[in-house]
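Trainee: the sequence and its predicted three-dimensional model are supplied below.
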Amino acid sequence: MKTLFEKDTDRLSLKLQAEADAIKLFIDCAPIAGTAPSPPVTRDELLALIESGLRVRDLDNAVLDDVLKYINRGESVSERRIKKGREPETGDCGRLLLILKKFTGKGEMHEDEKGHVAFASMHLFDNVRSGQIVARIYPPKPGKDGVDIFDKAIPAKPGMPVKVKVDKSLRIEEPASSAENFQRIVAMSDGYLTEESGELQLHEDLHINGDIDFHYGNIDFIGKVFISGDVHPDFEIIARKGIVIQGGVQESRLRSPDGEIEIKGFAFGGKHGSIVCGQSLIGTVMHEVAAEVVGPIVITKEAIDCTLRTQSSISMPKARLVGGRAMCVCGVEAKEIGNKAGQETCITLANSVEVGTEYGEILVQIANHEQAIKLIELHLGPYAQNTARLQLLAPSHRARMEALLHKRKDVEASRLRLLAKKMSLLDGGKGNAVQRVDFYEALYPGVHIISGDHSFVPKEMLKGPGTVEFNDLTKEFVVSELKPLECNVGGVPNTKPVQPPQQDEGGKHGK
């Protein structure tokens, strides 16, 4: 405490003190000789004594009146606060505001209106696009000045600026206009946001160290995903730029619109699994896998009971293709096609539209419509062709037959619309100039090769290496010596021709 003023009169002893910052003013006061002054000391007398030493205003009159009670009883008081200023308020510190969720390895559970939680749909992070604002940096605020006991301003300290570190994947931009009071952190590429050692970073590749299960849930990422483990049943991975899975896949959904999908372990599709990708699909062993691919499908060991669709080729020079359906534009090559048991294995050499799921669904719908028409006509009996005989029926029976005729008309109209849509799709399809199926060791009976309305079924095992090629001029399939696949869709090559494996010293076919 610092003494600001001291004075003794014939009635009082007065001392005024203040703290070092001069925020509070204290009074020490005692009557002379320790007896009650007569007449009593008044507030005006005390104020006059204080003001003779200090120019202060707005003292606390309630405290002064309480001090006077003690003085006029002959008692002393010490360190009674008679005025308080206002301490300065330090400004708020600058802050970093993330506009989206960064990846921390932990997801968020969300309940629906019924309280159910989808454990597979965890919100791990937000996708970031190039040019997107990911965060804002707000500057510190100036703070609020204080006031001392002499009514002088005490300058406030501004808040501390926030320290933000970013790597080269992000850029800090100054405010776009005077209306903005913050800097912006802008993404320089696609990816997801993390904070590592205090530095914000954007990653284009997502690496999952482990399995895709309830720990991570479904993945939906704008970049490329690498999985070190397996993908468990009923989970989904969507990665725009590609997917690489070191382990296996079971009844899961994989989507990569612009990238390649590679599965290094066993892949089982089952009833619920599916694969869709915009480039190539690379696998080792595939069982009951349904895949729709724009680029080549490459399988190194075997494909059993799969449904494979590609606008390019299916390349399996060291693998077996057994069962299922293979639909492609640029042909198939495999070590063995079919098996000794004669398992049905269908290969369709089609154009770019016919291998698509949409075209296949239209064919199924057309077949369902045709089946529905047959069932209606079965119920109509002779009235299906001779509607004039309806007049001979009883009114109630005639009404039922007329309703069936009306339904047949509606179904037929729907079938014609589907046929028109089918033809419209086919008009935009592009075919390959060469349609070939290459087999390096064997092509078994039970294999069914289709091109348009034409088909080829071997009556006995064909020993490889050899090629089954459809001659577009003669509209016939021809078995010949091995010829390499060529991909020349619509007259423009879209992939490099797949080269057959070279024969090694042991007489076996190697890649």
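Mentor: Structure received. All values reported here derive from a predicted model rather than from experimental measurement.
Trainee: and this structure, what are its domain boundaries?
Mentor: 2-84, 89-203, 206-356+431-480, 372-427 (automatic domain parsing).
Trainee: nearest to C487, out of those domains?
Mentor: domain 206-356+431-480 (3.8 Å; Cβ to Cβ). C-beta here means a position set from N, CA and C on the backbone, and glycine is covered the same way.
Trainee: most tightly packed of the domains of the chain?
Mentor: domain 206-356+431-480 (a mean of 20; mean count of other Cβ atoms under 10 Å).
Trainee: in this structure F439 contacts P465, no?
Mentor: Yes. When contacts are counted by Cβ atoms under 8 Å, F439 is listed as touching P465 (7.1 Å).
Trainee: pretty sure N181 is in a helix, no?
Mentor: No. Assessed with DSSP: H, G, I helix; E, B strand; the rest coil, N181 is coil; it does not lie in a helix.
Trainee: need the pLDDT of it.
Mentor: pLDDT recorded at N181 is 88.
Trainee: identify the residues contacting it.
Mentor: With contacts defined as Cβ atoms under 8 Å, 6 or more residues apart in numbering, N181 is in contact with 138-139, 175.
Trainee: how about the helices of this structure, start to end?
Mentor: Secondary structure of the chain (DSSP state H): helices at 43-51, 61-72, 357-380, 395-427.
Trainee: would you turn those into TSV with distance to H287?
Mentor: Output for the helices of the chain, formatted as TSV (distance: least, Cβ to Cβ, whole Å):
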stretch	distance to H287
helix 43-51	98
helix 61-72	90
helix 357-380	20
helix 395-427	30
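Trainee: quick one, strands of the stretch 101-250 of the chain?
Mentor: For the stretch 101-250 of the chain, applying DSSP state E, counting those that start in this stretch gives strands covering 133-138, 146-147, 153-154, 165-166, 170-173, 183-187, 192-196, 199-203, 205-208, 219-221, 224-227, 236-239, 242-245, 249-250.
Trainee: which one of these lies closest to H454?
Mentor: That would be strand 249-250 among the strands of the stretch 101-250 of the chain, by Cβ to Cβ, at 35.7 Å.
Trainee: what does that closest one contact?
Mentor: 230-233, 263, 265-268, 270, 273.
Trainee: quick one: mean pLDDT for it?
Mentor: Strand 249-250 carries an average pLDDT of 94.
Trainee: ok, back up a step: just put the strands of the stretch 101-250 of the chain in a markdown table and tack on distance to P39.
Mentor: Shown next, in a markdown table, are the strands of the stretch 101-250 of the chain (distance: least, Cβ to Cβ, whole Å):
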| stretch | distance to P39 |
| --- | --- |
| strand 133-138 | 63 |
| strand 146-147 | 37 |
| strand 153-154 | 41 |
| strand 165-166 | 74 |
| strand 170-173 | 74 |
| strand 183-187 | 70 |
| strand 192-196 | 75 |
| strand 199-203 | 76 |
| strand 205-208 | 89 |
| strand 219-221 | 89 |
| strand 224-227 | 94 |
| strand 236-239 | 94 |
| strand 242-245 | 98 |
| strand 249-250 | 102 |
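Trainee: go ahead and flag the most central residue of this protein.
Mentor: The chain has D220 as the residue nearest its centroid, 2.9 Å off, counting by Cα atoms, centre = their mean.
Trainee: contact partners for that one?
Mentor: 127, 236, 238.
Trainee: you'd agree the last one is up against G259?
Mentor: Read that as I238. No. Counting by Cβ under 8 Å, I238 does not reach G259; the two are 10.7 Å apart.
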